[in-house]
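# This is the structure alone, sequence omitted:
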C-alpha cells in the first residue's frame, strides 16, 4: 500500500528576486547597501587625505592643540595670554561666540514677540510702523547690517571728548572704542547668594507647576508669576543683606586718553549684537504673528465672554496656543543667530571663526582638524538648541485622549 505524504508537496527555496521583493527583507537589504557605500566612501576619503598629507610632509592629528599659540587676542571673556595653547584659543573663540549669541537670542525673542504683536495691532500707525520695520530689516543682507552698524559706531564721540560723551548715571559710557560698564567684584560669601538665587528659581518653577495643576483641578487662579518673582528676587536679596552686601563694583573712569577700570565691551561686539538682534527679530516677529493668526478667533471670543480682559486673553489664551506654531520656526531662528555670528570676522570681532579657523589655521597649518572642530562646535550648539526646544514643543502640544 502506498504511503501518502499528508504534508503535501514541499515548497522549493525562495529565489533571490522573491526575497528582494519582500518588504521585510528589501528594506534591510538597501540599508546594508547604503551603509557599506558610506563606510567605503569615508575610508577612501580618510586614506586618500592621509596619503596626500604624508606626500607633502604634513602631519595630521590633534597634537598641535597643546602647542603654544604665538599671538594675542584683542578681547576675551575668559583669561588668555599670548603664550597659551591652541586649545585655549579654541575655548576663547567658543566663549566669545556663545556670549554674543546668548544675548542676541534673548533680545531677539523678546523684541520679536513685541513686534509680532504690534503687527496685529488694531492701531493703524502701530501696525504700519511694525510692518515697515519688518520689511526694511529682513530685505537687507545681514553682512551689510553688521558693516553698517560697525561703521556708524565709529562716528560716536571719542573718550577724550568729555562734553559729548554718551554716559548713563556717570557709570556707563559709550564711545567709538566700545561700551564701558561697572565690573562686579564678588566678596566673601557671595557664592551663598548665588545658591539662594538658584533655589529661588527652582522654587518658582515648582510653584508654577503646582499653580497650574491647582487651577485645572479647582478652577482657582494662583498668582504664580508674582510669587515666582518674589522667590527669585527675595531669597538672594535676603541672603545678600544678611551677609553684609558681599558684592562691590569697579566703576570705569576716564584717565588720560581712555577709560580705566570697570569692564569694557569692544565696538565690534556692540555692532555685531545690534545687527544680529535687528535682523533676526523680524523673522521671530513673523513667526509670532503667524502663530497668533493660527489660533481660532473663537478662542478669543470665548475668553471675552468669560470676562477676561484683552491683555489676559492674549497672555493666557492666545499666546499659549500660538506657541505650538511658533516654536518650530523659533528653533531655526535661534540656530541661525549662532551660525550667523560667524560673520563677525568681517569687523574683527574675535569669535571662533576669526581666532581659530583663521589665525590658528594660518599659523599651525592643520586645516582639516581645525575646520572639523569648528564644524563640531556649531553642530553641537544647533543640536542642543533643537533638542531643548523640541522637548518644550512636545510638552505644549495638545495631548490626544
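Ah, there it is. These figures come from a predicted structure and were not determined experimentally.
# which stretches of the stretch 251-400 of the chain have low pLDDT?
396-400 (pLDDT under 70).
# rerun that using 90 as the cut-off
Scanning the stretch 251-400 of the chain for pLDDT under 90 picks out the ranges 251-264, 291-328, 348, 357-369, 372, 388-400.
# how about the strands of the chain, start to end?
Applying DSSP state E to the chain gives strands spanning 166-168, 172-175, 178-181, 183-186, 247-250, 253-255, 258-260, 263-266.
# State the number of residues packed around residue 172.
15 (other CB atoms under 10 Å). Yep, even glycine has a C-beta here, placed from its N, CA and C like the rest.
# circling back to that earlier point, can you tell me which of the strands of the chain is most buried?
strand 178-181 (a mean of 21; mean count of other CB atoms under 10 Å).
# Name the nearest residue to residue 142, sequence neighbours excluded.
Nearest residue to residue 142 in three dimensions, chain neighbours excluded: residue 279, at 4.9 Å (CB to CB, 6 or more residues apart in numbering).
# Now do the contacts for that neighbour.
137-138, 140, 142, 145, 340 (CB atoms under 8 Å, 6 or more residues apart in numbering).
# Turn the residues you listed into CSV, columns for neighbour count.
As requested, the contacts of residue 279 are exported to CSV (neighbours: other CB atoms under 10 Å):
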residue, neighbour count
137, 19
138, 16
140, 13
142, 18
145, 21
340, 20
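# Can you tell me which of those end up in helices?
Counting by DSSP state H, the contacts of residue 279 place 137-138, 142, 145, 340 in helices.
# picking that back up, out of the contacts of residue 279, which comes closest to residue 77?
residue 340 (19.9 Å; CB to CB).
# Please tell me how far the closest one sits from residue 90.
20 Å (CB to CB, to the nearest Å).
# circling back to that earlier point, out of the ones in helices among the contacts of residue 279, the closest to residue 99 would be?
Looking across the ones in helices among the contacts of residue 279 and measuring by CB to CB, the closest to residue 99 is residue 340, at 15.2 Å.
# Among the strands of the chain, which comes closest to residue 154?
Between residue 154 and those, the shortest separation by CB to CB is 10.4 Å, and it involves strand 172-175.
# what's the domain layout of this structure?
Listed domain ranges for the chain are 86-151+268-396, 184-248 (source: automatic domain parsing).
# deepest of those domains, which one?
Of the domains of the chain, the one with the most neighbours on average (mean count of other CB under 10 Å) is domain 86-151+268-396, at a mean of 18.
# where's it relative to the chain centroid, distance-wise?
On the basis of CA atoms, centre = their mean, to the nearest Å, domain 86-151+268-396 sits 7 Å off its chain's mean C-alpha point.
# Spatially nearest residue to residue 299, not counting backbone neighbours?
Spatial nearest neighbour of residue 299, excluding adjacent residues (CB to CB, 6+ apart): residue 317 at 5.6 Å.
# before we move on, the earlier item: want to throw the domains of the chain into TSV with distance to residue 49?
Formatted as TSV, the domains of the chain follow (distance: least, CB to CB, whole Å):
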stretch	distance to residue 49
domain 86-151+268-396	7
domain 184-248	47
